[in-house]
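**Student:** Next comes the sequence, and after it the predicted model I'd like to discuss.
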There are 2 protein chains.
Amino acid sequence: MQKPEPPYWTVIFSSELAEEEGYGDMSQRMVEMAREQQGFLGVESARDPSGLGITVSYWRTREDIAAWGAVLEHRAAQDLGHRKWYRWYRLRIARIDEEREFGEQGGV
Amino acid sequence: MQKPEPPYWTVIFSSELAEEEGYGDMSQRMVEMAREQQGFLGVESARDPSGLGITVSYWRTREDIAAWGAVLEHRAAQDLGHRKWYRWYRLRIARIDEEREFGEQGGV
């Protein structure tokens, strides 16, 4: 994870899985794709044993998210099965105004 | 979870636990307190078996978050042990601009 100063942008994707088959591979592929997009800063992801998952990706600008969204939607159009995995999802785009931290974060 | 129209606000709290003892109780108490705050809209939370957790709470206004933050800091001042649980954390405050949804979300 890079350490940008606010303001920067985020996509908060929360979901519950209806089906796990193939999900891990797709999810990993999406993260790999995101990493190669312009403006990508990092991603944090957690999935509860209950099935609720939250993935938060961080981006330099709103336009970077729009460009990534265009890629997503293009993929979704090609992959009609993309909804097989989700019981529900919520995707929120937000501008980060303020940040506080404690300790050294590992990972991406 | 209520269904506000953007713009509304969020606190994204991501963390890794160093210690689990007492964490569940404290965490649940904090959610119960948040629910009683003015402007609270809902919360989503997931903790990965790896130990990474993400809690996203939603609020009507920035001022509602500031008021909740004042309560948090008050508590933290009283509870010098609050850092015993975290290896690291990141707290981000963001304004939600856009939302897309699929399916009916259960829970809060």
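**Tutor:** Good, I have the coordinates. Numbers count the residues shown, from 1 in each chain, chains lettered A, B, ... in the order given.
**Student:** helix, strand or coil for A:I54?
**Tutor:** Following DSSP: H, G, I helix; E, B strand; the rest coil, A:I54 is assigned to strand.
**Student:** That one: what's it in contact with?
**Tutor:** Applying CB atoms under 8 Å, 6 or more residues apart in numbering or on different chains to A:I54 gives the contacts A:12-14, A:45-47, B:44-46, B:54, B:56. In short, each C-beta sits where N, CA and C put it, glycine included.
**Student:** try 7 Å
**Tutor:** For A:I54, the contact set (CB atoms under 7 Å, 6 or more residues apart in numbering or on different chains) comprises A:14, A:46, B:44, B:46, B:54, B:56.
**Student:** How is A:M26 assigned, secondary-structure-wise?
**Tutor:** On the basis of three-state DSSP, A:M26 is classed as helix.
**Student:** measure A:S45 to B:E5 for me?
**Tutor:** Remark: distance between A:S45 and B:E5 (CB to CB, to the nearest Å) = 27 Å.
**Student:** next one: A:G39
**Tutor:** Using CB to CB, A:G39 is found at 27 Å from B:E5.
**Student:** who's more crowded, the two?
**Tutor:** When A:G39 and B:E5 are compared for neighbours, A:G39 comes out ahead with 17 against 7, by other CB atoms under 10 Å in any protein chain shown.
**Student:** burial count for the residue nearest to that one when sequence neighbours are not counted?
**Tutor:** In this structure, A:G39 finds its nearest non-sequential neighbour in A:D64, 2.8 Å apart by CB to CB, 6 or more residues apart in numbering or on different chains. Using other CB under 10 Å, A:D64 has 18 neighbouring residues.
**Student:** Work out which residue lies at the spatial centre of chain A.
**Tutor:** In chain A, the residue lying closest to the centroid (CA atoms, centre = their mean) is A:S57, at 4.3 Å.
**Student:** Pairing partners for the biggest strand by length in chain A, with directions?
**Tutor:** In chain A, with assignment by DSSP state E, the single longest strand is strand A:86-102. Sheet pairing for strand A:86-102, assigned by DSSP bridges, gives strand A:8-17 (antiparallel), strand B:86-102 (antiparallel).
**Student:** Please list the outside residues in contact with stretch A:29-43.
**Tutor:** With CB under 7 Å, 6+ apart, stretch A:29-43 has contacts from A:1-2, A:4, A:8, A:55-61, A:64, A:67-68, A:71, A:108.
**Student:** And for stretch A:63-70?
**Tutor:** Here stretch A:63-70 makes contact (CB under 7 Å, 6+ apart) with A:9, A:11, A:34, A:37-39, A:59, A:93.
**Student:** and with 10 Å instead?
**Tutor:** A:8-11, A:30, A:33-34, A:37-41, A:57-59, A:61, A:72, A:76, A:91, A:93-94, B:97-98, B:100 (CB atoms under 10 Å, 6 or more residues apart in numbering or on different chains).
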